[in-house]
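Q: here are the coordinates; sequence isn't available:
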């Protein structure tokens, strides 16, 4: 049963960095690139690649703006992203419960 | 998926949510701005009345309201742009701020000018709405001290209703300090403390 549940886990969300990004964006309305980088503790390139994956999957939206002359990348979770994240939490909960029953 | 991996996932989620929840708290700058601007507002009106320039009170009120509106819009807009994280509570708090500002404007200008009641009632009615504003924002940010501030503002409104003359202006200043300046300073201190905790 556990194995089936594990297979159902969304691989896009499952990576620690992407899970951290979605956890931040589920709490905040928007967060900028710098905040995500500082909070998660990853490099610019690493964060960019994870953000692109999440954006391609339709889980987040990315908006590029300027504050004065400084470029700014603002990220927000989409409706699909929120649903997927909550589903992921449900699945985690089910796995924990199943493991408790097994032991 | 091992127990360890699940624990890791849950720990990431908990850590990030808690970190962001702290980050999204208000810096208190809007409170301090509203407080100081309102004190200047009241003092100017008191001085105009004290030195018998009553005919200038209404134009001064209009000019100061417009200036406060423009300055507030610029300051809030600037802080929004520089903000790393934008939160739902903050958006809701600003919506409450706007929702209370509209009736305060009506109370201050439209109703007295159209003869519904005299200008002397304006501080009493405005203070009631200031109380609503503080109470709601206290609930949104989970800051019980704002409930105390709102109660202080409502008590002040009741006292002002039965007091006339310059004393009323004095009470209004006390209300503004208790309702906006002090909470603003407390919020700002907490905000700075959280920023240091988040950075470490």
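A: Structure received. Keep in mind that what you see is a predicted model, and the values were worked out from it rather than measured.
Q: Helix, strand or coil: sort out residue A:66 for me.
A: The three-state assignment at residue A:66 reads strand, by DSSP: H, G, I helix; E, B strand; the rest coil.
Q: Isn't it up against residue B:81?
A: No. Using C-beta atoms under 8 Å, residue A:66 makes no contact with residue B:81, being 9.6 Å away. For glycine as for every other residue, the C-beta is placed from the backbone atoms N, C-alpha and C.
Q: For residue B:172, grab the count of nearby residues.
A: If you count neighbours by other C-beta atoms under 10 Å in any protein chain shown, residue B:172 ends up with 26.
Q: Settle this for me: residue A:54 is touching residue A:20, isn't it.
A: No. Contact criterion C-beta under 8 Å: residue A:54 and residue A:20 do not qualify, at 11.1 Å.
Q: The two: which has the busier surroundings?
A: Taking neighbours as other C-beta under 10 Å, residue A:54 and residue A:20 compare with residue A:54 leading, 26 against 23.
Q: the longest helix in chain B is where?
A: helix B:57-82 (DSSP state H).
Q: Flag every buried residue along that one.
A: Buried positions in helix B:57-82, judged by neighbour count with 16 or more other C-beta atoms under 10 Å in any protein chain shown: B:61, B:64-65, B:68, B:72.
Q: Please name every helix or strand in contact with it.
A: helix B:29-50 (3 or more C-beta pairs under 8 Å, 6 or more residues apart in numbering or on different chains; DSSP states H and E).
Q: what comes into contact with the helix it packs on?
A: Residues outside helix B:29-50 that contact it (C-beta atoms under 8 Å, 6 or more residues apart in numbering or on different chains) are B:54, B:56-57, B:60-61, B:64, B:68, B:71-72, B:75-76, B:79, B:94, B:97, B:123, B:166, B:169, B:172-173, B:176-177, B:179-181, B:183-185, B:187-188.
Q: can we see that at 7 Å?
A: B:54, B:56-57, B:60-61, B:64, B:68, B:72, B:75-76, B:79, B:166, B:169, B:172-173, B:176-177, B:180-181, B:183-185, B:187-188 (C-beta atoms under 7 Å, 6 or more residues apart in numbering or on different chains).
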